[in-house]
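S.K.: okay, predicted coordinates and the sequence, questions at the end:
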Amino acid sequence: MKRIFEDTATAFSVKSDTALERAYFLFKLISKEPLVKIGTAVTNFALKANLPVERLIRATVFDHFCGGVNERDCEPVMEAMYAKNVFSVLDYSVEGKSNDAYFDQVQHKIESLIVFATTKKHIPFVVFKPTALGRISLYEKLGLNAPLSDQEKQDWSKVKARFRSICQAASHCNIPLLIDGEESWMQDAADQLVCEMMQEFNKDKVLIYNTLQAYRWDRLAYIEALNDYAIAHDFKIGIKVVRGAYMEKERLRAAEKGYKSPICETKKATDENFNQVVNFMLSHLERMAIFLGTHNEESTYLLMAAMENNGISKNDPRIWFGQLYGMSDHISYNLGANNYNVSKYLPFGPVKDVMPYLMRRAEENTSVAGQTNRELDLLAAERKRRNI
């Protein structure tokens with residue numbers, strides 16, 4: 001398999017010298033955990049105090065990791081990426097709210113994005129989080145099979161109605177949906193609900209994708225059981241495979257509550273689990289579609305090699321690669337240049353409302369030192385190539 005991810009000229013071809021310097025500066029900051037903690041605290045304070053910092057945030061971290069304040073604002077970014085054969089997944093990244101008004105607003109927003117995607121050839125998917133449509137405590141209670149109060153039963157009916165309305169819109173418009181994975185203690189209920197949506201809407205083709213977080217040691221068993229169920233009930237399976245984003249929170253909660261951690265004990269075990277899940281899906285591609293959401297070069301190469309060895313075309317519609325906007329451009333743009341199906345998750349929303357997402361992203365990058373160092377090395381190589 002040809003190694004393509006060292007090509008920084010392709011990787012950063014859409015970045016001006018100024019944008020490249022901004023990226024290098026931001027990843028330098030993110031590599032230092034104390035600076036991230038101080039920066040998030042100061043930013044939180046400034047926003048709560050209504051200090052005039054939004055323009056500064058917009059010019060730095062926001063514009064690096066987000067596409068814009070609304071979907072129209074994202075269009076220049078999406079068009080620039082599409083010119084390099086990299087698609088966009090619009091991600092409405094407003095977080096931290098938990099009431100019916102917000103849940104209904106998100107439902108209508110996702111449905112409007114589905115309609116918007118029908119007018120843009122560079123938007124192959126729309127995405128949302130389960131907890132954007134209902135309270136996490138409700139998912140958790142259902143996952144534990146705990147009895148619900150009458151009010152909670154009404155609330156869950158609303159959650160299911162929101163899910164189904166969005167899935168109906170996706171089916172009507174023929175736009176696939178990616179449904180993100182979240183904390184393990186709410187995921188069982190979400191898995192069951194997404195399975196119901198797949199059973200209804202994935203009869204002829206894959207429209208609904210669940211997310212499988214491979215740092216959970218039980219996920220190979222999950223996909224095997226889901227496959228058996230899909231065969232018995234005659235529907236297709238869409239899965240976004242990721243390693244996961246809640247490791248520290250998961251381990252801490254397991255220790256505090258005295259149950260076995262759902263997270264693999266080592267990074268090696270996670271990598272093996274990830275690869276086993278992908279290989280299982282490849283062996284059942286007649287029924288499955290894969291969205292490989294990873295910033296790991298070796299996992300990407302493994303899928304590329306498996307596709308080549310099995311005679312699967314680079315642009316087979318059942319296989320997509322994906323990375324976050326502002327990260328791993330060396331993977332995204334080199335995949336695009338080599339005609340693979342690849343997209344960027346493109347977060348957007350009002351600056352103040354998207355800050356919880358951006359702070360979480362900065363903290364996650366800090367905890368994955370190898371990822372940040374790799375970004376810095378590649379940016380440094382491109383700066384040297386351009387004589388900056």
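M.R.: Received, thanks.
S.K.: what about Ala101, how many residues nearby?
M.R.: 8 (other CB atoms under 10 Å). Quick note: C-beta positions are derived from backbone N, CA and C, even for glycine.
S.K.: now the helix or strand encompassing it: buried residues?
M.R.: Taking DSSP states H and E as the definition, Ala101 sits inside helix 100-117. The neighbour-count check on helix 100-117 (16 or more other CB atoms under 10 Å) flags Phe103, Val106, Gln107, Lys109, Ile110, Glu111, Leu113, Ile114, Phe116, Ala117 as buried.
S.K.: quick one: which two of the residues you listed are the most distant?
M.R.: Taking CB to CB as the measure, those span a maximum distance of 21.2 Å, between Phe103 and Ala117.
S.K.: returning to that earlier point: avg pLDDT for the helix or strand following the helix holding Ala101?
M.R.: For helix 100-117, the succeeding helix or strand toward the C-terminus, using DSSP H and E, is strand 125-128. Per-residue confidence for strand 125-128 averages out to 98 on the pLDDT scale.
S.K.: partner strands of strand 125-128 and their direction?
M.R.: Listed by DSSP bridges, the sheet partners of strand 125-128 and their directions read strand 87-92 (parallel), strand 177-179 (parallel).
S.K.: hmm, who's touching the first one?
M.R.: Contact partners of strand 87-92, identified using CB atoms under 8 Å, 6 or more residues apart in numbering, comprise 67, 71, 74, 77-78, 81-82, 106, 109-110, 113, 116-117, 122-128, 132, 178, 322, 341-349.
S.K.: show me the strands in the stretch 201-350 of the chain, by range?
M.R.: For the stretch 201-350 of the chain, applying DSSP state E, counting those that start in this stretch gives strands covering 208-213, 237-242, 288-293, 319-324, 342-348.
S.K.: what's the third one packed up against?
M.R.: Translated: strand 288-293. strand 208-213, strand 237-242, helix 267-282, helix 297-309, strand 319-324 (3 or more CB pairs under 8 Å, 6 or more residues apart in numbering; DSSP states H and E).
S.K.: same question, the first one
M.R.: Counting contacts by 3+ CB pairs under 8 Å, 6+ apart, strand 208-213 packs against strand 177-179, helix 184-201, helix 219-233, strand 237-242, strand 288-293.
S.K.: just checking: what are the partner strands of that strand?
M.R.: Each strand paired with strand 208-213, and its direction, by DSSP bridges: strand 177-179 (parallel), strand 237-242 (parallel).
S.K.: what's the average pLDDT for that strand?
M.R.: When the per-residue pLDDT values of strand 208-213 are averaged, the result is 98.
S.K.: poorly predicted segments of the stretch 1-150 of the chain, please.
M.R.: Counting by pLDDT under 70, the stretch 1-150 of the chain contains low-confidence ranges at 33-42, 44-49, 51.
S.K.: before we move on, the earlier item: pipe the helices and strands packed on strand 288-293 into CSV and attach distance to Thr60 and mean neighbour count per row.
M.R.: Output for those, formatted as CSV (distance: least, CB to CB, whole Å; neighbours: other CB atoms under 10 Å):
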stretch, distance to Thr60, mean neighbour count
strand 208-213, 29, 26
strand 237-242, 27, 24
helix 267-282, 31, 17
helix 297-309, 27, 16
strand 319-324, 17, 24
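S.K.: for those, give me JSON lines that also has distance to Asn373.
M.R.: Listed next are the helices and strands packed on strand 288-293 as JSON lines, based on distance: least, CB to CB, whole Å:
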{"stretch": "strand 208-213", "distance to Asn373": "24"}
{"stretch": "strand 237-242", "distance to Asn373": "21"}
{"stretch": "helix 267-282", "distance to Asn373": "15"}
{"stretch": "helix 297-309", "distance to Asn373": "13"}
{"stretch": "strand 319-324", "distance to Asn373": "17"}
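S.K.: relative to Arg58, which of those is closest?
M.R.: strand 319-324 (18.5 Å).
S.K.: still on that earlier bit, and the helices and strands packed on strand 288-293: which comes nearest Leu252?
M.R.: Across the helices and strands packed on strand 288-293, Leu252 has its closest neighbour in strand 208-213 (16.4 Å, CB to CB).
S.K.: what residues does that closest one touch?
M.R.: Surrounding strand 208-213, the residues in contact under the criterion CB under 8 Å, 6+ apart are 125, 167, 170, 176-181, 187, 190-191, 194-195, 197-198, 201-202, 219, 222-223, 237-246, 277, 289, 291, 293.
S.K.: on that earlier part again, of the helices and strands packed on strand 288-293, which is nearest Glu250?
M.R.: strand 208-213 (9.4 Å).
S.K.: the closest one vs strand 319-324, what angle?
M.R.: With axes from the mean of the first three to the mean of the last three CA atoms, to 10 degrees defining the directions, strand 208-213 sits at 60 degrees from strand 319-324.
S.K.: now do strand 208-213 and strand 288-293, the angle between them.
M.R.: Strand 208-213 runs at 50 degrees relative to strand 288-293, counting by the same axes, to 10 degrees.
S.K.: circling back to that earlier point, output the contacting helices and strands for the helix holding Ala101.
M.R.: Packing partners of helix 100-117 (3+ CB pairs under 8 Å, 6+ apart): strand 87-92, strand 125-128, helix 150-173.
S.K.: tabulate the ones you listed (JSON lines), appending distance to Ala380.
M.R.: Listed next are the helices and strands packed on helix 100-117 as JSON lines, based on distance: least, CB to CB, whole Å:
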{"stretch": "strand 87-92", "distance to Ala380": "27"}
{"stretch": "strand 125-128", "distance to Ala380": "32"}
{"stretch": "helix 150-173", "distance to Ala380": "42"}
